[in-house]
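> build me a structure from this.
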Amino acid sequence: MIPPTYNSEILKRDVCWGKFRLGDLFRVEYTKKKIDANKLTFEGNHPYVTRKTGENGIRGYIDYDVQFLNKANTISFGMDTAVMYYQGKPYFTGDKIKVLFPKVDFDKYIALFIITSMRKAFQLFGWGMSYEDSVINNIEIQLPIDENKLPYFA
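Model prediction:
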């Protein structure tokens with residue numbers, strides 16, 4: 001996918017920012033099934049996403065019952081590491097992963113922008129915290145807004 005192009009006039013105008021609770025932007029859920037990596041063979045077709053840093057959190061590729069695939073176009077969130085990645089394809093996960101389902105217009109580029117803001121908000125927390133739904137839902141991030149004070153990514 002080619003990134004959107006931006007008119008230089010748009011880039012020159014002032015941008016207003018607003019605060020948004022993650023719970024207003026996403027529905028936070030546990031992964032469909034926690035699959036134990038110690039019982040897997042990594043020779044499959046679907047990403048297996050963990051809490052690891054780098055490689056989009058993907059430890060390898062597996063074949064497993066497709067009913068347990070998490071949806072594409074979501075954010076995987078490591079509950080004790082606050083490691084988060086945009087997942088553009090359906091994926092399986094390991095333990096302690098939450099899935100953030102967007103409630104707003106969402107694509108890869110918007111996700112990457114939001115994740116950058118999320119990482120800034122979560123940097124105040126220490127490693128090993130348990131990010132329960134109530135914590136995740138109440139984290140505030142800053143995003144550009146339009147005249148109606150809604151997130152704006154033109």
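
> ok, residues contacting the host helix or strand of A121?
Here A121 sits within helix 108-122, counting by DSSP states H and E. Helix 108-122 is contacted from outside by 1, 3-4, 22, 25, 73, 75, 82, 84-86, 88, 102, 104, 139-143, 153, using CB atoms under 8 Å, 6 or more residues apart in numbering. All C-beta atoms are positioned from the backbone trio N, CA, C, and that covers glycine.

> can you check stretch 93-103 too?
Applying CB under 8 Å, 6+ apart, the set of residues contacting stretch 93-103 is 22, 24-37, 48-51, 59, 70-71, 73-80, 84, 111, 131, 133, 136.

> again with stretch 146-154
Outside stretch 146-154, the residues that reach it (CB under 8 Å, 6+ apart) are 10, 18, 20, 25, 104-105, 109-110, 113, 143-145.

> need those in TSV (columns: pLDDT, secondary structure and distance to F125).
Converted to TSV, those look like this (pLDDT from 0 to 100; DSSP: H, G, I helix; E, B strand; the rest coil; distance: CB to CB, whole Å):
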residue	pLDDT	secondary structure	distance to F125
I10	50	helix	34
G18	95	strand	22
F20	97	strand	18
L25	97	helix	19
V104	87	coil	24
D105	84	coil	28
Y109	94	helix	26
I110	95	helix	24
F113	94	helix	21
L143	94	strand	20
P144	93	strand	24
I145	92	strand	25
